[in-house]
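Q: Provide a 3D model corresponding to the input given below.
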Amino acid sequence: MAKVTGVIQIKVDGSRQRVVDTPTINFGGLEGEAVVGDAYHGEMYKVVAGLITCNLAHMSDTDIAAMQAWQSVTVEFITDTGITYVLTGAAVVNTLEVNEGKIEVQFRSGPATEV
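A: This is a model prediction of the structure:
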């Protein structure tokens, strides 16, 4: 029987982050949009960016300014089922704030790849 993904690690440029809660990934890729007029005519496709959203622990040694400056980084989404997905050339796209000891970070880049 196949194993269900449970624990996920996040690495940024090879450095393991202190993950709180469960990160999510939107793989990106092609997304279809219906073309309609007097009838349904088909689909028009556009490329959608990949997105990893995670909560990181805020600790006494957390450098929020350095985190906010993450640009053109490699982000690994490592599952406990042995599958790893990667965003290359990713950047932090949200404003960081500390809330209940956590910092939500969103990384966006081209579509995710499996390695």
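
Q: which residue sits farthest out from the middle of this protein?
A: Distance from the centre of the chain peaks at residue 38, with 38.8 Å (C-alpha atoms, centre = their mean).

Q: doesn't it belong to a helix?
A: No: Residue 38 sits outside any helix when classified using DSSP: H, G, I helix; E, B strand; the rest coil, being coil.

Q: this structure: helices as residue ranges?
A: Listed in chain order, the helices of the chain (DSSP state H) span 64-68.

Q: what residue ranges in it score low on pLDDT?
A: Applying pLDDT under 70 to the chain picks out no residues at all.

Q: nearest residue to the most centrally placed residue in it in space, ignoring adjacent ones along the chain?
A: Central residue of the chain (C-alpha atoms, centre = their mean): residue 52, 0.9 Å from the mean position. Counting by C-beta to C-beta, 6 or more residues apart in numbering, residue 52 lies nearest to residue 107, which is 4.6 Å off, once chain neighbours are set aside. Where you see a C-beta, it was placed from the backbone N, CA and C, and this is true even at glycine.

Q: equivalent analysis for residue 50, please.
A: Among residues not flanking residue 50 along the chain, residue 28 sits closest, at 3.5 Å (C-beta to C-beta, 6+ apart).

Q: show me the strands in the chain, by range?
A: Taking DSSP state E as the criterion, the chain contains strands spanning 8-12, 15-16, 19-26, 29-36, 40-48, 50-57, 73-79, 84-92, 98-99, 102-109, 113-114.

Q: let me have those strands in a markdown table, extended by distance to residue 65.
A: Supplementary listing: those in a markdown table, determined by distance: least, C-beta to C-beta, whole Å:
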| stretch | distance to residue 65 |
| --- | --- |
| strand 8-12 | 15 |
| strand 15-16 | 16 |
| strand 19-26 | 20 |
| strand 29-36 | 32 |
| strand 40-48 | 30 |
| strand 50-57 | 14 |
| strand 73-79 | 15 |
| strand 84-92 | 11 |
| strand 98-99 | 13 |
| strand 102-109 | 12 |
| strand 113-114 | 29 |
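
Q: correct me, but the residue nearest to residue 52 touches residue 88?
A: No: at 10.6 Å, residue 107 does not count as touching residue 88 under the criterion of C-beta atoms under 8 Å.
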